[in-house]
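Colleague: prediction below, plus the sequence it came from.
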Amino acid sequence: MVLRLLGPLRWEAAGQPARSLPCVLPTAILLVLARSGRAVTRDKLAALFWPDQRDELARLNLRVNLHKARRLLADLAIGVPVEADRRSVRWSVPVDADVSGAPGATPADGFALPGFDQFEDWLGQWRAMHRAAAPGAGPDVGAIGDGDGGGPPTFHGRRLELARLRTATARAIVVSGEPGIGKTTLVAAAFSPAHWLRCREGMAQGSFGAVAELLAVHPAWLEELGAYRLDVARLLPDIAPDEPLPPLDALTARVRLFEALARTVERNVELLAVDDLQWADAATVEWLAMLAYRGRVRWVATARPDELPATTRTVLAALDSAGVAARLPLHGLERPALDALLHQRRPDLAGAGAGREHRWLRAMADYTGGNPFCAIELIDAVTARDEPRLLAEVPLPERVAGMVRRRRDRLDATARAVVDAASLAVGVPAVAQLAAMAGLGREETLAALERAQAHGLVRDTACRHDVVREAIRGAIGAARAAEMHRCAAVYLADAGAEPELVAQHARQAGDPELAWPWVLRAAYRLKQRGERAATVAALCEVRDRAANPALALRAEVMLAQEHLFDDLAAGREALESTLARTAALPRGRERQTIEANALSGLVDNAVFGGDLPRAMALARALRRRLPGLAQDVLVEAHQVLIEATMRHGDFDAARRSARALREAGAAPAVVLSFEAQIHWFAGDVRAARAAFEDLLLRHADYCHGLTIENDLAVMCHALGDLAAAEAMARRSLASWAGVAHTEALSSLVLGTTLTSMGRFAEARAALDRAYELGRRQGSSLFASEALVRRARLHWCAGERAEARAALLAASDGIGEVTEPLRASGLALMETLTAVDIGVDPAPAAAATLARMRARSRHPLVHVRALRAQCARALRAGDRAAALVAARELAEIAREAALLEWLCEACALVAALAAGSEALAARARAQALARSQGIGWLLPRADGGRSFA
């Protein structure tokens, strides 16, 4: 049976007269499909016949005429059906389109369809290509559906595979790979076979089905059978319809039939291509092996390795052992080849810029694993409104999904359950998780994974690629999928997995009450990573939808904690209100958890509100609630306890909380961040800087959730590395743009750094910004600190009155400051600004500095106390005492590597000492000011401006 495309269009079946196809529109559609031999999209087919009509009307016309085409096939008794789905149409009819079959013949000779100009152009181009082709040329390459516009397609990539095929000397070659990977296309490109043995699903039940179809297309071959004519008649009765067959035993008949078929093919074929060897019947496979052993004709076959029957595998293994066969496994296209394919298929979606990779390349490569058939089907389904990042939301074409699901259906029930579990799992699941989801033991699961991998559906424990995952997910019933998700959630919860994973599976299981506790934990992780919008959205969902009032209240507490970033007063009010409402809950773990959450938020609120005594009182109440808390609650509690205790100077308590953080399973980046902060507040500035630099190198992705860049800027400024301090402060401002809390912190350190560099106008703008942000949040800490640093700016710039005014404004109404770093900074500026305007500093300032120096080992506290001591001595006219203080200041600054302070100390010594000591100190001060860019000290180091 064959459709003759060369010469008059006609259908020929063995033993029946040829039937001509009429010159009507349904025939033209069939002609296009027959020439293509593969699926053609409905839109492309409709555009060929109705290019000027609206898409909807063109598709309607196509549907009507496809119905007419099916009726025409029924009338002509052509038993090859037209296959169609929502997006494409295919007619896999045997044709005779090789040029060598009928020299001088014209494709569809005499066929015309007036009024359909685009179809007529397509038909004319085909005829012109045929006339230009020499006998024996390659297969037809201009079929619609092979590329855009109906022109010749380009074979993409596979250079190594092509070379291996063309240089292979084996008598039999098997090209293997998953469906759609391009096996047939590769064989066609490598050899341009004139003769194909096309095996189809269902042929394995008979004998020599594909061979019979090949012989039917070439009736001339049957005229040369000679003594074997009646033997072949056992396979093709039409050869001798009225002659009795000689009586032979089964074995003799089989041997003579094999020999007859072999001689026929060997006489007429040099290379035989075999498509879909996995569907060949056992007799055909044995006959192919016979051809390989005889060596008179070569054959190359395509095969899906996971679908090969055991008998076929045995035959191929024997051929391998005999050295007459070669194997070529085929994998997905490399990215450059896939890029070229996408550019050819959908140039309209390629994106701007010639020569650039296709806009959909990365998404398609990751999603399809480079499978060209899947990529073509998907890119054809994409519209201009779709986005590559949302490829998973594009409905999977039914032909692609069906291709995958048929492979799944061939698995046994156990392997199918494991594959289903892999498709529902996220990422690369553990074997134990798959076992839990499938309800199997570990050994059963491992064996099932091996079978699934042999079918090309999984790699390790995950689906081979996203196409497989999506297709299999669509084949799983809703109830069964929900139960598997529930099992995954329970397993992951017990295994201590990431809360996002547990929450996701619980949601998919349709069990929100199981999900809400994990959504809360996930929200906390999101907060650590700086994803505030996602954090707030998750917390609002739990607050509004959780049936458990304790969970809803806990979400409300966490939402109130978010006010730390924008409104401290509102946050404090909300937290205190929630804490009061917990009294209505029964005593127990849930109430204890909510109270701990609320107290954690209040401690943090008090710390950054500048009320350290209140923070410490709240911390004591929080500690009483720690025993028995869940790990995520402990993590949050110990973080705020570190914030309070390290500022208070209780470093033993801070380090205990840091160890507890690590034991509670806090993210490594969080633990490292707090350990580095403890180094800083304890006075080990160089260790703090090293720790933050290591943290930035290893966990840069946390820069939006932890103040890594800001804190590193503080360390760099303290050590006199002003360029690095400015860079880190500006990076922090970029990372935290729109978050008032951290913008204020980073504006403070930026303003301080710019002051040290002598860039006073820029510094004032940064400090003004910090002051405004502090006031907006209701943070007396940030607002007063901005004024203290503005006082330092004016003092460095020689603006005495402005410096004193800023200092008095900073001191107004802030109450007692007990944190050593803050208190020493405030007391130093009180001393310097008072001395500068000619008044005695407040005695309380000296007492505060002495008290802080006794409490703290931090070198900044000590150099500030000594700088104030020097200023007071100068005010009293005691230059000798001032020089002693300056020398001690220089020694401490040198030991701690505080280069700006060392520069200032050297400048003081130069101004107060005499002789060689003064000269050496001045040279040292000048060198430091220039090398470190300490702009405000340059005039003093040069002797152009006095400290006194």
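Modeller: Right, received. Where do you want to start?
Colleague: CA only for contacts and neighbour counts going forward, please
Modeller: Will do.
Colleague: quick one, strands of the protein?
Modeller: 2-4, 10-12, 19-20, 40-41, 83-84, 88-90, 172-176, 196-198, 271-275, 298-303, 325-329, 458-459, 462-463 (DSSP state E).
Colleague: out of the ones you listed, which comes closest to residue 693?
Modeller: Nearest to residue 693, of all these, is strand 462-463, at 36.3 Å by Cα to Cα.
Colleague: give me the mean pLDDT for that closest one.
Modeller: Mean per-residue pLDDT for strand 462-463: 91.
Colleague: report the buried residues of stretch 346-357.
Modeller: Using 16 or more other Cα atoms under 10 Å as the test for burial, stretch 346-357 gives 346, 349-350, 357.
Colleague: so where's this protein shaky on pLDDT?
Modeller: In the predicted model, the chain carries pLDDT under 70 at residues 97-104, 129-155, 238, 240-242, 244-245, 247-248, 250, 353-355, 813, 944-948.
Colleague: and if we set it to 50?
Modeller: 97-103, 133-153, 948 (pLDDT under 50).
Colleague: which residue ranges of the stretch 651-800 of the chain form helices?
Modeller: 651-663, 668-682, 685-698, 708-718, 722-735, 740-756, 760-777, 780-796, 800-811 (DSSP state H, counting those that start in this stretch).
Colleague: same thing with the stretch 801-948 of the chain?
Modeller: So, for the stretch 801-948 of the chain - with DSSP H, counting those that start in this stretch - the helices run 820-836, 843-855, 859-875, 879-896, 899-912, 915-932, 938-941.
Colleague: out of those, which one sits most buried?
Modeller: Mean neighbours per residue, mean count of other Cα atoms under 10 Å, is largest over the helices of the stretch 801-948 of the chain for helix 899-912, with a mean of 26.
Colleague: now do it and helix 708-718, the angle between them.
Modeller: In terms of direction (axes from the mean of the first three to the mean of the last three Cα atoms, to 10 degrees), helix 899-912 departs from helix 708-718 by 20 degrees.
Colleague: which other helices and strands contact helix 899-912?
Modeller: Applying 3 or more Cα pairs under 8 Å, 6 or more residues apart in numbering; DSSP states H and E, we find helix 899-912 packed against helix 879-896, helix 915-932, helix 938-941.
Colleague: can you say which of these is nearest to residue 608?
Modeller: helix 879-896 (27.5 Å).
Colleague: ok and that closest one relative to helix 708-718, angle-wise?
Modeller: Relative orientation of helix 879-896 with respect to helix 708-718: 140 degrees, computed using the same axes, to 10 degrees.
Colleague: who's in contact with helix 879-896?
Modeller: 684-686, 859, 862-863, 866-867, 869-874, 899, 901-902, 905-906, 908-909, 912-913 (Cα atoms under 8 Å, 6 or more residues apart in numbering).
Colleague: for residue 678, find the nearest of the strands of the chain.
Modeller: strand 462-463 (42.5 Å).
Colleague: list the contacts of residue 493.
Modeller: Neighbours of residue 493 in contact, by Cα under 8 Å, 6+ apart: 499, 502.
Colleague: could you number the chain from 227 rather than 1 from now on?
Modeller: Okay, residue one is now 227; in that scheme the one you just asked about reads as residue 719.
Colleague: how close does it sit to residue 469?
Modeller: 77 Å (Cα to Cα, to the nearest Å).
Colleague: can you check residue 1114 too?
Modeller: 124 Å.
Colleague: and for residue 940?
Modeller: 103 Å.
Colleague: more neighbours, the two?
Modeller: residue 940 (28 against 10; other Cα atoms under 10 Å).
Colleague: which non-adjacent residue is nearest the more buried one?
Modeller: residue 975 (6.2 Å; Cα to Cα, 6 or more residues apart in numbering).
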